[in-house]
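1. A predicted structure for the sequence below; I have some questions about it.
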Amino acid sequence: MESWQIGRWLIITGLFLCGVGIVVMLLGKVGLFRLPGDLAWGGKNWHISVPIASCLVLSAVLTLLMWIVSRFFK
């Protein structure tokens, strides 16, 4: 693999991660990561969050989306 290919791959990966970060920030603003099944603990200087319900919702939505896309391109 040549250096320009590695550079191109790093740029594409970085842009993808920025896009994912923006989507996660927007979903947090609409309350996705504060569902009734999401667990959160915290103290003065620490916070632990386990978004169980949010992961289930995202999994269902992504599964449905992938099923639709596979049916469309079949």
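-> Done, it's in. This is a predicted model, so every value here is computed, not measured. Residues are numbered from 1 along each chain as shown.

2. which residues does Val50 contact?
-> When the contact criterion is CB atoms under 8 Å, 6 or more residues apart in numbering, the partners of Val50 are 38-40. Where C-beta positions appear, they are placed from N, C-alpha and C, glycine not excepted.

3. quick one: it and Gln5, what's the gap?
-> From Val50 across to Gln5, the span is 39 Å (CB to CB, to the nearest Å).

4. ranges for the strands of this protein?
-> Using DSSP state E, the strands found in the chain span residues 39-42, 47-50.

5. number of residues surrounding Ser54?
-> A count of nearby residues for Ser54, using other CB atoms under 10 Å, gives 19.

6. right, and it touches Leu35 too?
-> Yes - the pair formed by Ser54 and Leu35 meets the contact definition of CB atoms under 8 Å, at 5.4 Å.

7. pLDDT score assigned to Gly19?
-> For Gly19, the model assigns a pLDDT of 94.

8. repeat for the one 5 residues further on
-> Val24 carries a pLDDT score of 84 in this model.
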